[in-house]
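Visitor: Dropping a prediction and its sequence here:
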Amino acid sequence: MYNSSKTLSNKKTEYSEELEKRLVSLAKKTRIDIVTMIAEAGLGHMGGSLSVVEILVILYELYLCVDAEHPEDPERDRFVLSKGHAGPCLYSILARRGFFDSSLLWTMNRGGTRLPSHVDHLLTPGVDCTTGSLGQGLSMAIGMAYAARIKKSNLHVYALLSDGECDEGQTWEAAMSCAHFGLGNLMGFVDCNKFQIDGPTKNVMDLEDLEAKWNSFGWITRRIDGHDFQALYNTIEELRELGATAKRPQMIICDTIKGKGHPDLEGRRVSHHLNVSKKDITLCATHIHYDS
Amino acid sequence: MTVKPLEQDIEMRQAYAEVMIALMKKHEKIVLIQADLMYAHGFEAIEAMFPERIVNVGVAEANMIGIASGMSAMGLIPVVHSFASFASRRCYDQTFVSSGLGKNPITIIGSDPGVYATYNGATHMCFEDVALMRVIPDTVVTEPTDRYILADVLEQAILADATYYIRLPRREKRTLYNEDIEAPIGSSLCLRSGRDVCFLGAGMLSLCACLEAADILLQKGISASVYDFYSIKPIDEATLRHVAKNHALLVTCENHQAVGGLGGAIVEFVSESCPVTVIRCGIQGTFGEVGDMGYLAERFSLTGKALAEKIMHAYKEV
């Protein structure tokens, strides 16, 4: 289970076998939650929710200083899920952190729910930013990081983008300005799952070389396997230190698999938004060796 | 109220900078965000006084709105500026989602609206901003008439919990009021009381045309009221009910498309609540073009003479 500390401390946790086991277990639980939530609704954004699981798990487990008992604490770190359609993954993690009762998970997308398909900070405790119109999240995150600097706060801002949303011009307006402003308190992730709605990104709109692009926009950039907890840990640790020293934003390009965890969807275009039934929960549980 | 003769004063942009300095001294959370037009408002003094609270994002209006919304989410009070075309049309979804839907209040200054774009021509000539901003839920949309109304509206804007849009003609020097004027949002100001026709205008250019038209009509035996509707959303419903009851004809006048703006807002209310004939004067569904203020005012019939001719004809038929 996640620790729900009452104080916003951010002590370094050493990586260990035990920690990795815990992270892997949380990732499995999160994947089953995602498939179950979407199965309850009947359809939803599966692929892009399943691809970001490890990124969100490690952020909320080790890095984000947030407190479910004080969700509006002004000194908390901020997380902007710029790919707002990965709401199901965030909701599972927030529920486990105690921001709301997990029974809410099964109401996603029903009329009057507090958990809409695309995240809304006015509806869901623990959500810091309303997103869904792709390309807008990074600018918002920059505003937050800049405001923290004006207010002389040490909080950190994290933003998670999809690879498809790097098609949006605003993403690059934001990228350029963040480096120009020297916001070392902002770390970004691109969930590079290689697919957008109409197909592989290389066919729809070739984005590569993403690492070179972010680098050339002034960000300290690394590219890693986004499902590898050890790689995520090492890279986040390294870049947080580098970013603070160099006063530059940091970007981690995470190579991921769209639909990761579902045997019929992994790396397939159709995984973006589709009909899901309760059979998919069993399929997924077997595939990832989930033992409830 | 009695309108004093039109006076030449300082430009609105100078007044804007002076008001902002006063407000920034008073409210430390105000941050100004500019898109490569900092010096178009003479912000050198502000930059020197508050270097940490003025941010230039370059020619990137979408990013400007996003950054402002993020700052707002952190409890700051962002005021952004660009030319009206780029402050409204260029970054519409960002204003809608990041500020409006997310309930992250920001103040947006759209400068040189409508024909005030003059030599910048059609690309910069925004006749649509009021319509666009008005339809976003919970926004406030205003067109301050002179520097005194601007000062009052700006202070209301930065304290408001809403996405606020303010039209600002940078080079306008004329004034109708003085420093004692109060301009609460949702209200209007009566500039002249008459019996037959009622002009409802927003912005100095339109109101000057209305006042001149009222003079011309009076010589023809038609008595006209003139109201300053500086607050377009929310609109002054009580005054609209009053003038609809007491005049045979209402005439709206604006430096904006005749659909969707002040005229649209008034027709929407009046047709449902206090039906009376309304004539909407403004841009009749065309794009802008280049020219000086005199040429453009005539070209788009925003002169007292053009208004008076149109209304004399229409009044006979009411």
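Guide: On my side now, so go ahead. Numbers count the residues shown, from 1 in each chain, chains lettered A, B, ... in the order given.

Visitor: give me the number of residues near residue 277?
Guide: Using chain A here. Using other Cβ atoms under 10 Å in any protein chain shown, residue A:277 has 13 neighbouring residues. Bear in mind the C-beta positions are built from the backbone N, C-alpha and C, glycine included.

Visitor: Please refer instead to chain B.
Guide: 15.

Visitor: Residue numbers of the stretch 1-150 of chain A in contact with chain B?
Guide: A:74, A:78, A:120-122, A:128-133, A:135-136, A:138-148, A:150 (Cβ under 8 Å from any Cβ of the partner chain).

Visitor: go with 7 Å
Guide: Proximity of the stretch 1-150 of chain A to chain B is confined to A:74, A:121-122, A:129-130, A:133, A:136, A:139-144, A:146-148, A:150 under the rule Cβ under 7 Å from any Cβ of the partner chain.

Visitor: So residue A:236, which state does it fall into?
Guide: The assignment at residue A:236 comes out as helix when based on DSSP: H, G, I helix; E, B strand; the rest coil.

Visitor: now the helix ranked longest in chain A, how far from the centre of its chain.
Guide: Longest helix of chain A, by residue count under DSSP state H: helix A:17-41. In terms of Cα atoms, centre = their mean, to the nearest Å, the centre of helix A:17-41 is found 14 Å from the chain centre.

Visitor: Distance-wise, check residue B:106 relative to chain A.
Guide: Residue B:106 sits 10 Å away from chain A, going by Cβ to the nearest Cβ, to the nearest Å.

Visitor: typed the wrong thing, it's residue B:50
Guide: For residue B:50, the distance to chain A - Cβ to the nearest Cβ - is 10 Å.

Visitor: Report how many residues lie close to that residue.
Guide: So residue B:50, with other Cβ under 10 Å, has 18 neighbours.

Visitor: I'd say it and residue B:25 touch.
Guide: No: look at residue B:50 against residue B:25 with Cβ atoms under 7 Å: they stay out of range, at 8.8 Å.

Visitor: Now restrict the residues of the stretch 1-150 of chain A next to chain B to buried residues only.
Guide: A:121, A:129-130, A:133, A:136, A:139-144, A:146-148, A:150 (16 or more other Cβ atoms under 10 Å in any protein chain shown).

Visitor: which parts of the longest helix of chain A are buried?
Guide: Buried, per 16+ other Cβ under 10 Å, within helix A:17-41: A:19, A:22-23, A:26-41.

Visitor: before we move on, back to that, so which of the buried ones among the residues of the stretch 1-150 of chain A next to chain B belong to strands?
Guide: Among those, none falls in strands (DSSP state E).

Visitor: So which of those residues is the closest to residue A:268?
Guide: Nearest to residue A:268 out of those is residue A:133 (Cβ to Cβ; 25.5 Å).

Visitor: Flag the shaky bits of the chain, pLDDT-wise.
Guide: Went with chain A since none was named. Chain A contains residues with pLDDT under 70 at A:1-10.

Visitor: actually it's chain B I care about, not the one you picked
Guide: Checking chain B against pLDDT under 70 turns up B:1-7.

Visitor: Near chain A, which residues of it? Just list them.
Guide: So chain B meets chain A at B:31, B:52-53, B:55, B:57-58, B:60, B:62-63, B:66-71, B:73-76, B:93-94, B:97-98, B:101-103 (Cβ under 7 Å from any Cβ).

Visitor: Now with 6 Å, please.
Guide: B:52, B:57, B:60, B:62-63, B:66-67, B:69-71, B:74, B:76, B:93-94, B:97-98, B:101-103 (Cβ under 6 Å from any Cβ of the partner chain).

Visitor: re earlier: okay, among the buried ones among the residues of the stretch 1-150 of chain A next to chain B, which ones form the most distant pair?
Guide: The widest separation within those (Cβ to Cβ) is 26.0 Å, between A:133 and A:150.

Visitor: Neighbours of residue A:282, how many?
Guide: Neighbour tally, residue A:282, other Cβ under 10 Å: 12.

Visitor: element containing it?
Guide: helix A:278-287 (DSSP states H and E).

Visitor: Would you mark the buried spots in that helix?
Guide: For helix A:278-287, a neighbour-count test (16+ other Cβ under 10 Å) marks A:280-281, A:283-285, A:287 as buried.

Visitor: quick check, nearest of those to residue A:65?
Guide: Closest to residue A:65, out of all of these and judged by Cβ to Cβ, is residue A:284, at 31.5 Å.

Visitor: Strands of chain A, start to end?
Guide: Remark: strands assigned in chain A by DSSP E are A:43-44, A:78-81, A:157-162, A:186-192, A:195-196, A:199-200, A:220-225, A:250-255, A:274-275.

Visitor: any residues touching stretch B:295-313, and which ones?
Guide: B:115, B:205, B:209, B:212-213, B:216-217, B:251, B:281, B:283 (Cβ atoms under 6 Å, 6 or more residues apart in numbering or on different chains).

Visitor: Reformat these as a markdown table; add distance to residue B:40.
Guide: Formatted as a markdown table, these follow (distance: Cβ to Cβ, whole Å):
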| residue | distance to residue B:40 |
| --- | --- |
| B:115 | 18 |
| B:205 | 19 |
| B:209 | 26 |
| B:212 | 30 |
| B:213 | 32 |
| B:216 | 36 |
| B:217 | 38 |
| B:251 | 33 |
| B:281 | 29 |
| B:283 | 24 |
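
Visitor: Which one of those is nearest to residue A:107?
Guide: residue B:283 (48.0 Å).

Visitor: returning to that earlier point: reformat the strands of chain A as CSV; add mean neighbour count and distance to residue A:114.
Guide: Shown next, in CSV, are the strands of chain A (neighbours: other Cβ atoms under 10 Å in any protein chain shown; distance: least, Cβ to Cβ, whole Å):
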stretch, mean neighbour count, distance to residue A:114
strand A:43-44, 18, 16
strand A:78-81, 27, 16
strand A:157-162, 28, 21
strand A:186-192, 27, 24
strand A:195-196, 25, 28
strand A:199-200, 12, 34
strand A:220-225, 19, 34
strand A:250-255, 26, 28
strand A:274-275, 14, 24
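
Visitor: Ok, which of the ones you listed comes nearest residue A:233?
Guide: Once the strands of chain A are compared by Cβ to Cβ, strand A:220-225 is nearest, at 10.1 Å.

Visitor: partners of that closest one in the sheet?
Guide: strand A:250-255 (parallel) (DSSP bridges).

Visitor: outside of the partner strand, which residues touch it?
Guide: Contacts of strand A:250-255 (Cβ under 6 Å, 6+ apart): A:55, A:187-192, A:210-211, A:214, A:219-223, A:225-226, A:235, A:239, A:243.

Visitor: For residue B:103, the count of nearby residues, please.
Guide: With other Cβ under 10 Å as criterion, residue B:103 counts 17.

Visitor: Quickly find the element holding it.
Guide: Going by DSSP H and E, residue B:103 is not in any helix or strand.

Visitor: what's the closest non-adjacent residue to it?
Guide: residue A:122 (6.0 Å; Cβ to Cβ, 6 or more residues apart in numbering or on different chains).

Visitor: For the one you found, give its distance to residue B:101.
Guide: Distance of residue A:122 to residue B:101, given as Cβ to Cβ, to the nearest Å: 8 Å.

Visitor: again, but for residue B:287
Guide: As judged by Cβ to Cβ, residue B:287 and residue B:101 stand 30 Å apart.

Visitor: So between these two, which is more surrounded?
Guide: Ranked by neighbour count (other Cβ under 10 Å), residue B:287 and residue B:101 place residue B:101 first, with 21 against 10.
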